[in-house]
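Novice: Below are the sequence and a predicted model for it; my questions follow.
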Amino acid sequence: MLQMKRSKKNLHLFSTFFILFLNINNSLGQGCEAQNFKERSDISSTCNEMVVTMLHDRNEKEVLYVANKEAGLKIYDLQNINAPKLMQTIPSDSLGGMDVMNLSQNKNYVFLALGNHFNETQNAGMAIIDVSDPQKAFVSSFWEYQNSPGGAGIVESDDDYAYLGAMKHGMVILDIKDKRNIKFVSVIVPDINYPTPNPNPNLYNARGMELDGNLVYLCYDAGGIRIINVSDKNNPVETGRYSNPALNGKPRAYNNVVYNHPLLYVAVDYCGLEILDITDTSNIVLKGTWNPYNCPANNWFSSPVHANEIHLNKDCDLIYTSVGKSDMMVIDVSDPAKPDSCSNFGGADNSIGTWGIDVFEDKIFLSYICALIPFQSNWTGVKILNYSPCKLNGLAIPDNVLKVFPNPAVNQIKFEGDWIQGTSEIEILDSKGLKMKLGQAIYSDRSLQMNISTLNSGLYFFRIKQNSKILSGKFKVD
């Protein structure tokens, strides 16, 4: 098993370096900064009312919306994060008897992707929930896609239209201008004869997506990534596609995606994470991969990682992903060509496994499912964590705290700032977290200067100890 980098204190970008003050007792990670994960509370459920995923209210209300499958939508008050309180339930009976599988939010509305996608018992559907007052949330409208067994996996929306991932029945576009009256507009079922001719059609499912204006980035399961142009809502058109050729003839599952121009970050199940350059959508290029367990040479069922839902922290260049039996991994994507794990929560030996993840401000929410394959999990519910994001409440650390120059460096590097005193200690680590054997730093007038002529070109991390604090960051060597 790959030795994971233990921790990485979050980084805040100041031009060419990252800094954050942390307590000296926090361990410095191998290659990235400590997240300081602290589990605050659990919301437990049962396997007959399984939690699938969840979403913190995006209007900054201390509210959590939980897709509770058979139990419908559950809404929790988070004002006391140590003791979440159930405030409202939208039962499946008010949703056509359909399971709640996923959800998203646009302003005062939560959109539900309906229909059990673990089997063929339910059609795909969508509901709009008015959450302007979460304690009095109600169903504004409900829609079912007839003759679409296999349920729904995802829903995203703008003000006027919703896009429903209806699994093997493709992506459905719905008119939601009137939130009380959902109207069908069109559907696109991407070609299943890519990347494998004459495949098993049950393996091709619209299950993850990111919406950017008139483009939808669609995860099509065994069908890889598809880019759908929806400028003409009545006639959506596929304009780009990608599937890693290394997976040809092997199982593949493109599960979820986030977008940050010009890159797509894609969760690829037991193959980890792919970073795709979509500068030219007709010629998508694989930029980098996080593939710690040698997929596809490893076995789908024995892999400790099954990347599913993902969240990108753009300020920190970090990806947070639910990974099944290993719970959660954090991946440093500051160098898209060389993404690397930098922290984690949970582990492969705790007999529970995640499906979903949401990150909001200093809180992380992980959903756990009951499962037998591809991993075993005997508990379902939500774990709520606090962590140390690189931006706390929007307050940035002043950029006059420390200067690191030159950066990139050659032969010599200097750390300068009022915070540095003669008693400061400094350590330099490589991108794998190994401590470099260098000479003593020379202190002079609130600065430290080091000879780094023995370092090879690449990315390095530093930590400067001063009394009870640590100042950490990174620099490059040319």
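Specialist: All right, it came through fine. Numbers count the residues shown, from 1 in each chain.

Novice: Would you agree Asp478 is in contact with Asn407?
Specialist: No. Contact criterion CB atoms under 8 Å: Asp478 and Asn407 do not qualify, at 9.7 Å. The way it works is simple: take the backbone N, C-alpha and C, and place the C-beta from them, glycine included.

Novice: And these two? Which one has more around it.
Specialist: Asn407 (17 against 10; other CB atoms under 10 Å).

Novice: now the more buried one: how far from Leu73?
Specialist: Separation of Asn407 from Leu73 (CB to CB, to the nearest Å): 49 Å.

Novice: Next: Phe142.
Specialist: 12 Å.

Novice: Overlap in contacts, the two.
Specialist: Both Phe142 and Leu73 are contacted by Leu95, under the criterion CB atoms under 8 Å, 6 or more residues apart in numbering.

Novice: Between the two, tell me which one has more neighbours.
Specialist: Between Phe142 and Leu73, counted using other CB under 10 Å, the more crowded position is Leu73 (25 against 17).

Novice: which non-adjacent residue is nearest that one?
Specialist: Ile90 (4.1 Å; CB to CB, 6 or more residues apart in numbering).

Novice: List the contacts of the one you found.
Specialist: Gly72, Leu73, Lys74, Ile75, Val100, Ala127, Ile129, Ala137, Phe138, Val139.

Novice: For the closest residue in space to Val189 that isn't next to it in sequence, report the pLDDT, please.
Specialist: Spatial nearest neighbour of Val189, excluding adjacent residues (CB to CB, 6+ apart): Gly170 at 3.4 Å. Model confidence at Gly170, given as pLDDT, is 98.

Novice: And for Gly170, the neighbour number?
Specialist: Neighbour count of Gly170, defined by other CB under 10 Å: 25.

Novice: Asn248 versus that one, what's the distance?
Specialist: In terms of CB to CB, Gly170 sits 23 Å off from Asn248.

Novice: Kindly report the same for Asn344.
Specialist: For Asn344 relative to Asn248 (CB to CB), the value is 30 Å.

Novice: again, but for Ile420
Specialist: The gap separating Ile420 from Asn248 is 54 Å, by CB to CB.

Novice: neighbour count winner among the two?
Specialist: The neighbour count for Ile420 versus Asn248, taken as other CB under 10 Å, is higher for Ile420 (22 against 11).

Novice: close enough to count as contact, that one and Asp445?
Specialist: No. Between Ile420 and Asp445 there is no contact under CB under 8 Å: 9.4 Å.

Novice: rewinding a little: state the pLDDT value of the residue nearest to Leu73.
Specialist: Listed pLDDT for Ile90 reads 98.

Novice: thinking again about what came up before, is the residue nearest to Val189 in contact with Pro190, as I believe?
Specialist: Yes. Proximity of Gly170 to Pro190 meets the contact threshold set by CB under 8 Å, at 6.6 Å.

Novice: So for these two, which residues contact both of them?
Specialist: Contacts common to Gly170 and Pro190, judged by CB under 8 Å, 6+ apart, are Ala206.

Novice: Quick one, which of the contacts of Ile90 are buried?
Specialist: By neighbour count, with 16 or more other CB atoms under 10 Å, those hold Gly72, Leu73, Lys74, Ile75, Val100, Ala127, Ile129, Ala137, Val139 as buried.

Novice: Closest one to Phe184 out of those, please.
Specialist: Nearest to Phe184 among the buried ones among the contacts of Ile90, counting by CB to CB, is Ala127 at 14.6 Å.

Novice: The helix or strand containing that closest one: what's the following helix or strand?
Specialist: Secondary-structure assignment from DSSP states H and E places Ala127 in strand 124-130. The helix or strand immediately downstream of strand 124-130 is strand 138-145, counting by DSSP H and E.

Novice: What's the first helix or strand after that next one?
Specialist: Following strand 138-145 toward the C-terminus (DSSP H and E): strand 154-157.

Novice: so what secondary structure elements neighbour that next one?
Specialist: strand 100-106, strand 109-114, strand 161-165, strand 208-212 (3 or more CB pairs under 8 Å, 6 or more residues apart in numbering; DSSP states H and E).

Novice: Can you tell me what sits against the next helix or strand after the last one?
Specialist: Next along the chain after strand 208-212, taking DSSP H and E as the criterion, comes strand 215-219. Strand 215-219 is contacted by residues 156, 163, 165, 171, 190, 206-211, 225-230, 236, 239, 254-257, 259, 264, 266-267, 278, 281 when judged by CB under 8 Å, 6+ apart.

Novice: switch the cut-off to 6 Å
Specialist: 163, 171, 206-210, 226-228, 230, 254-257, 259, 264 (CB atoms under 6 Å, 6 or more residues apart in numbering).

Novice: for Tyr76, what are its contacts?
Specialist: Leu64, Pro84, Leu86.

Novice: what bridges to the last one?
Specialist: With DSSP bridges applied, the residues forming beta bridges to Leu86 are Tyr76.

Novice: Go through the contacts of strand 215-219 and flag which are in helices.
Specialist: Taking DSSP state H, every one of the contacts of strand 215-219 sits outside helices.

Novice: Mind giving me the ChimeraX command for buried ones among these?
Specialist: For the buried members of these, the matching ChimeraX selection, counting by 16+ other CB under 10 Å, is:
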select :163,171,206,207,208,209,210,226,227,228,230,254,255,256,257,259,264
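
Novice: Just the contacts of strand 215-219: which are in strands?
Specialist: The members of the contacts of strand 215-219 that map onto strands under DSSP state E are Tyr163, Met171, Gly208, Met209, Glu210, Arg226, Ile227, Ile228, Asn256, Val257, Tyr259, Leu264.
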